[in-house]
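1. everything below, folded, please.
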Amino acid sequence: MLTKLNRRRIERFLALFIIISSIFFAFFIILWPSNNQSNTEIKVMTWNISGAVGTDEIFDLERAIDVIKENDPDIIGLQEVDDNVDVSKIADELNMDYYYAEAGDTNEGNAILSKYDIDEVNVVNLPLIDGERPRILINAKITIHKNKWDFYVAHFSRYDKPIDHVNQAKFVSSYISENSYSKVVLMGDLNFQPESLSYYELMYGYEIKFKDTYACTNSDSGYTFRSNNRFKRIDYIFCSFDLSPQKSKVICSEASDHCAVLTKFTITTK
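-> Prediction:
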């Protein structure tokens, strides 16, 4: 049988336990929403659209738009966007923000389209190569779920001169290293292959080091050109080391002589 003293002690203990439990539960309720994290998928696509002229030599912008719609990227970088390609039409049909920049007076350039608002854009000229038309690098700053991303869209020299590509790769590395190197994606038709010095410069260079998103997630060759008879890989999506590519694939169609590349990233959001 419990004595009166023991009953009082038990009652005090139970009262104290209830008070402490209530305080803990209240703090849990208050703090839980701010710690409620979830994973969000971001899909990035690069594509040399070849002026919307397909392997059948037919201009068909709607066909190219359908390829993009089918893959539903959040961000897409386009190269070989000429005067025949209405970027505003692409953006309207995809409900995306966009920016287009012409390379010199060539009537051709690069474009970036985004489901998220584009905060800021910088365009710089790549090192000029004798006998080759001007080339540019687009840098678009985009906020995705409160995180600042830097997307770069490039189209390197067409000429197969390793030193030219290396100079352009070094220029891009140096330019990016002078800016933020957090959540950085570099994509485009870079016109060099994985065994080249230019590839080595971007992957293992002194200024900066990238991940090759396709090579990180696949073991095959990943050829991107030509789309109807593939024999080499020259289109890439690179990323900074703080990003983790989950999947990457090559998308080939009749809409262009280049295959597109699509990479999925997973980020944690609150």
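2. could you work out the end-to-end span of stretch 190-201 for me?
-> 13 Å (C-alpha to C-alpha, to the nearest Å).
3. for the record, mean pLDDT for it?
-> Per-residue pLDDT values across stretch 190-201 average out to 94.
4. ditto for stretch 250-260
-> Averaged across stretch 250-260, pLDDT comes to 98.
5. now for Cys259: which residues touch it?
-> Tyr223, Thr224, Phe225, Ser227, Arg230, Asp235, Val250, Ile251, Cys252, Ser253 (C-beta atoms under 8 Å, 6 or more residues apart in numbering). For the C-beta atoms, the positions are set from N, CA and C on the backbone; glycine is no exception.
6. rebuild those as CSV, extending it with neighbour count.
-> Below are the contacts of Cys259 laid out as CSV (neighbours: other C-beta atoms under 10 Å):
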residue, neighbour count
Tyr223, 18
Thr224, 26
Phe225, 20
Ser227, 22
Arg230, 16
Asp235, 25
Val250, 20
Ile251, 17
Cys252, 19
Ser253, 18
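7. any chance of those in JSON lines, plus distance to Tyr214 and secondary structure?
-> Shown next, in JSON lines, are the contacts of Cys259 (distance: C-beta to C-beta, whole Å; DSSP: H, G, I helix; E, B strand; the rest coil):
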{"residue": "Tyr223", "distance to Tyr214": "11", "secondary structure": "coil"}
{"residue": "Thr224", "distance to Tyr214": "9", "secondary structure": "coil"}
{"residue": "Phe225", "distance to Tyr214": "14", "secondary structure": "strand"}
{"residue": "Ser227", "distance to Tyr214": "16", "secondary structure": "coil"}
{"residue": "Arg230", "distance to Tyr214": "13", "secondary structure": "coil"}
{"residue": "Asp235", "distance to Tyr214": "9", "secondary structure": "strand"}
{"residue": "Val250", "distance to Tyr214": "7", "secondary structure": "strand"}
{"residue": "Ile251", "distance to Tyr214": "12", "secondary structure": "strand"}
{"residue": "Cys252", "distance to Tyr214": "14", "secondary structure": "coil"}
{"residue": "Ser253", "distance to Tyr214": "18", "secondary structure": "coil"}
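8. give me phi/psi at the residue nearest to Tyr152 when sequence neighbours are not counted?
-> Ranked by C-beta to C-beta, 6 or more residues apart in numbering and with sequence neighbours excluded, the top spatial neighbour of Tyr152 is Leu186, at 4.4 Å. In terms of degrees, to the nearest 10, the main-chain angles of Leu186 are phi -110, psi 130.
9. what's the per-residue pLDDT of Leu186 here?
-> 98.
10. cool, and Asn39?
-> With respect to pLDDT, Asn39 scores 82.
11. and it, what does it touch?
-> Thr266, Ile267, Thr268, Thr269.
12. Val67: which of the residues you listed is nearest?
-> Proximity of these to Val67 (C-beta to C-beta) peaks at Thr266, which lies at 23.7 Å.
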